[in-house]
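Trainee: no sequence for this one, just the structure:
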């Protein structure tokens with residue numbers, strides 16, 4: 001579903017505006033004659049259009065791209081539409097507080113992500129919190145509108161009903177994905193489903209409650225999703241749900257205090273035995289403008305799809321490509337300018353060494369150390385994502401890339417197996433090294449040996465994950481899971497000091513935004529904020 005369209009008319013009129021009431025969004029319906037929800041559902045295509053809107057919510061930000069009609073409202077007190085894009089928000093919260101990235105821009109509260117010094121008024125955590133629950137609200141409304149009772153009342157024919165059942169499973173996956181992102185980042189969350197009446201303030205639920213809900217949902221939909229690689233590209237299949245389940249179980253000790261490594265191994269092995277595999281292409285092609293068709297689609301289990309014409313946004317891979325480079329370098333990446341934003345910290349360059357998967361900007365002789373994090377000329381610049389196709393031609397638009405973001409891919413699965421075996425004692429160390437070396441071989445790197453990991457398996461895995469998965473939105477979670485986020489490993493500007501300081505344990509999760517606490521008395525703040 002690389003290029004998926006939806007009819008925006010109904011969403012402008014009606015339930016596009018329906019989100020969990022915890023979110024303090026100032027959105028008002030727009031009149032459009034007498035068009036109603038039942039008018040919308042009288043068209044058999046409406047169900048797929050609504051599904052497309054939910055998938056599209058991971059990529060776009062409103063009714064007209066790239067800006068001008070934000071899903072989250074506009075005016076005083078609302079965040080810039082591009083800043084609020086789902087992937088942009090997720091990526092910043094997972095990468096900027098780590099050794100992998102630092103940003104030079106001076107937008108209010110953005111620097112606090114660089115320095116691990118955020119508070120409950122951070123506008124970027126506010127924006128992502130709102131975006132998560134906008135998505136969850138859409139998913140809940142789709143499920144309300146596709147019950148047996150609703151479909152019976154509309155006399156929906158059997159063939160369409162069968163498709164809708166698959167759509168419902170996909171929407172439950174997408175809701176679980178957003179709850180997972182929220183749980184990982186914020187811990188406890190306001191919680192509501194399609195079973196709750198609209199307008200009912202959602203209560204706060206614990207991280208363990210959310211964990212169990214997601215796990216139950218993924219188990220429940222397993223028989224209703226299509227088999228791996230049999231759905232449209234960009235839509236969820238069984239493997240996407242297995243991947244989310246594996247990530248959940250791998251991090252279970254962080255989320256619930258209970259180790260679920262043995263359960264995680266079962267799911268990881270299911271993924272390795274599926275129709276997905278390691279793409280036999282140059283590593284860089286995984287992140288190019290034709291990664292939906294150049295062979296990377298054999299490895300990408302679940303992407304966020306972008307199209308330079310149909311999904312224009314100032315977030316997503318637009319942000320990841322433009323934000324990483326200067327104007328001159330942007331031309332080599334298939335975009336018309338660079339925003340001179342983020343680069344990496346010296347500890348990352350020391351971690352990855354000369355691994356050819358990590359591509360620095362050619363001729364980049366700037367100091368590796370960053371004395372002034374607001375100076376883009378300090379620190380090493382990386383090239384990861386590109387709006388060039390694998391044949392060297394540009395994407396469709398020089399401002400808005402065609403490059404899909406690999407939310408889940410098989411390279412991560414191989415490294416999850418390796419971690420389970422080498423760090424957690426589940427699986428075979430020999431098999432684990434084989435998977436690591438398959439990724440190294442594809443990247444042009446010499447093989448690892450048993451001697452490379454025995455002294456500090458956790459740091460060995462962190463290094464391998466950095467080399468293969470840098471800037472894919474995993475680093476904060478990896479550092480926390482492997483015990484290197486708070487202390488025992490420092491990086492420049494961690495904790496607000498250039499030399500790096502340990503950070504307090506309350507920074508393991510982000511605060512519930514004060515704006516949300518003020519709008520729903522049932523919510524409570526995380527400790528330390």
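Mentor: Yep, it's here. None of these values were measured; they are calculated from a predicted model.
Trainee: Let me see the contact set for residue 47.
Mentor: Neighbouring residues of residue 47 by CB atoms under 8 Å, 6 or more residues apart in numbering: 41, 146, 160, 163, 164, 167. In short, each C-beta sits where N, CA and C put it, glycine included.
Trainee: can you name the two of those residues that are farthest apart?
Mentor: Taking CB to CB as the measure, these span a maximum distance of 14.1 Å, between 41 and 163.
Trainee: picking up where we left off before, in a markdown table, list the contacts of residue 47 along with neighbour count, distance to residue 238 and secondary structure.
Mentor: Output for the contacts of residue 47, formatted as a markdown table (neighbours: other CB atoms under 10 Å; distance: CB to CB, whole Å; DSSP: H, G, I helix; E, B strand; the rest coil):
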| residue | neighbour count | distance to residue 238 | secondary structure |
| --- | --- | --- | --- |
| 41 | 19 | 28 | helix |
| 146 | 21 | 20 | coil |
| 160 | 16 | 22 | helix |
| 163 | 14 | 17 | helix |
| 164 | 21 | 18 | helix |
| 167 | 21 | 15 | helix |
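Trainee: Give the closest residue to residue 429 in space, chain neighbours not counted.
Mentor: Leaving aside its sequence neighbours, residue 429 sits nearest to residue 421 (CB to CB, 6 or more residues apart in numbering; 5.4 Å).
Trainee: Sorry, wrong one. I was asking about residue 213.
Mentor: Among residues not flanking residue 213 along the chain, residue 179 sits closest, at 6.8 Å (CB to CB, 6+ apart).
Trainee: burial of the one you found, as a residue count?
Mentor: Residues lying near residue 179 (other CB atoms under 10 Å) number 24.
Trainee: what sits against residue 432?
Mentor: So residue 432 contacts 417, 418, 420, 421, 422 (CB under 8 Å, 6+ apart).
Trainee: quick one: pLDDT of it?
Mentor: If you check residue 432, the pLDDT there is 98.
Trainee: and which of the contacts of residue 47 is nearest to residue 60?
Mentor: When the contacts of residue 47 are compared for distance to residue 60 (CB to CB), residue 167 wins out at 19.3 Å.
Trainee: ranges for the helices of the stretch 251-400 of the chain?
Mentor: Here the stretch 251-400 of the chain has its helices, by DSSP state H, counting those that start in this stretch, at 252-256, 261-272, 316-322, 327-332, 346-352.
Trainee: closest to residue 376 out of those helices?
Mentor: helix 327-332 (11.3 Å).
Trainee: Please, where are all the strands along the stretch 351-500 of the chain?
Mentor: Assigned by DSSP state E, counting those that start in this stretch, the stretch 351-500 of the chain shows strands spanning 359-360, 382-383, 405-409.
Trainee: and the longest one, what does it pack onto?
Mentor: In this case it means strand 405-409. helix 238-250, strand 300-304, helix 316-322 (3 or more CB pairs under 8 Å, 6 or more residues apart in numbering; DSSP states H and E).
Trainee: want to throw the strands of the stretch 351-500 of the chain into a markdown table with mean pLDDT and distance to residue 453?
Mentor: Output for those, formatted as a markdown table (pLDDT from 0 to 100; distance: least, CB to CB, whole Å):
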| stretch | mean pLDDT | distance to residue 453 |
| --- | --- | --- |
| strand 359-360 | 92 | 25 |
| strand 382-383 | 92 | 25 |
| strand 405-409 | 98 | 23 |
